[in-house]
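1. structure for the following, please:
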Amino acid sequence: MQPHSSLTFLRLSDSAFLAVFDDLAALRMTVFYDFPYLYEGSVDYEKRYLETYARSKRSFLLAVYDGNKLVGATTALPLRDETPEVQAPFTVAGYDLDTIFYFGESVLLPAYRGRGIGDQFFDEREAYARQFDQYKLACFCSVQRPEDHPLRPVNYHPLDAFWTRRGYKRDGSLQSKFVWLDRNEAVETAKPMIYWTRKLD
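-> Below you'll find the model as predicted:
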């Protein structure tokens with residue numbers, strides 16, 4: 001593990017997201033272009049996505065800078081403030097949405113991986129959610145791609161083991177479908193998303 005003392009960590013909430021919108025949108029489009037998301041990003045899609053966080057009074061962003069360059073970011077907000085497609089599986093399963101904190105993306109440029117920043121992303125989001133003394137469960141979702149997907153790199157390693165080490169459990173009964181444009185696709189298609197959860201105790 002390499003130190004990251006040269007990096008700057010900026011914490012933002014609610015409408016302060018707008019100050020880093022352009023940089024965050026560009027970072028998301030860069031990282032998610034690769035497998036497994038294969039995201040052919042657009043500024044319009046990013047604007048719709050990030051506006052959800054800007055509207056939430058309890059949203060959280062941890063931004064990682066190397067000098068003036070945004071190289072990593074992670075987000076979170078109450079599930080109650082998320083979009084209907086994110087809330088739906090929990091509503092159907094009978095969960096109390098007011099007790100759940102949803103963790104959005106964790107994006108980090110390849111050159112900055114392996115320094116413990118991924119753990120810091122989870123540490124800070126979990127601590128942020130706990131401070132409200134209201135949320136009992138943390139959750140996030142990940143895209144599901146077939147093992148034989150033609151764009152799956154030979155050396156690809158999913159993050160399941162890392163998430164499990166962090167105390168999260170995959171719950172196949174909680175699923176959503178998110179729509180975006182894949183690389184080499186002419187039109188947007190729905191992608192299956194599986195949720196992982198952990199008690200915030």
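
2. only alpha carbons, please: show stretch 109-117 as CSV.
-> Provided in CSV are the C-alpha atoms of stretch 109-117 (Å, rounded to 0.1, in the frame of the first residue of the first chain):
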residue,chain,number,x,y,z
LEU,A,109,-8.4,6.5,-11.5
PRO,A,110,-6.3,3.3,-11.9
ALA,A,111,-3.0,5.1,-11.0
TYR,A,112,-4.4,5.8,-7.5
ARG,A,113,-5.7,2.3,-6.6
GLY,A,114,-4.0,0.1,-4.1
ARG,A,115,-3.4,2.9,-1.6
GLY,A,116,-6.3,2.1,0.8
ILE,A,117,-8.6,4.8,-0.6
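
3. quick one: average pLDDT of it?
-> For stretch 109-117, the mean pLDDT works out to 95.

4. tell me which element Tyr135 falls in.
-> Tyr135 is part of no helix or strand, with elements assigned from DSSP states H and E.

5. so Ala76 makes contact with Ala129?
-> Yes: using Cβ atoms under 8 Å, Ala76 is in contact with Ala129, at 6.6 Å. Using the backbone N, CA and C atoms, a C-beta is placed for each residue, glycine as well.

6. who touches both of the two?
-> Phe101 (Cβ atoms under 8 Å, 6 or more residues apart in numbering).

7. so which of the two has more stuff around it?
-> A direct count of neighbours by other Cβ atoms under 10 Å for Ala76 and Ala129 places Ala76 higher, at 28 against 24.

8. which pLDDT value belongs to that one?
-> pLDDT, Ala76: 98.

9. ok, it - contacts?
-> Ser59, Phe60, Phe101, Tyr102, Phe103, Gly104, Arg125, Tyr128, Ala129.

10. which parts of the helix or strand hosting it are buried?
-> According to DSSP H and E, Ala76 maps onto strand 69-78. For strand 69-78, the neighbour count (16 or more other Cβ atoms under 10 Å) marks Leu70, Val71, Gly72, Ala73, Thr74, Thr75, Ala76, Leu77, Pro78 as buried.

11. same check, this time on stretch 52-59
-> Using 16+ other Cβ under 10 Å as the test for burial, stretch 52-59 gives Thr52, Tyr53, Ala54, Ser56, Arg58, Ser59.
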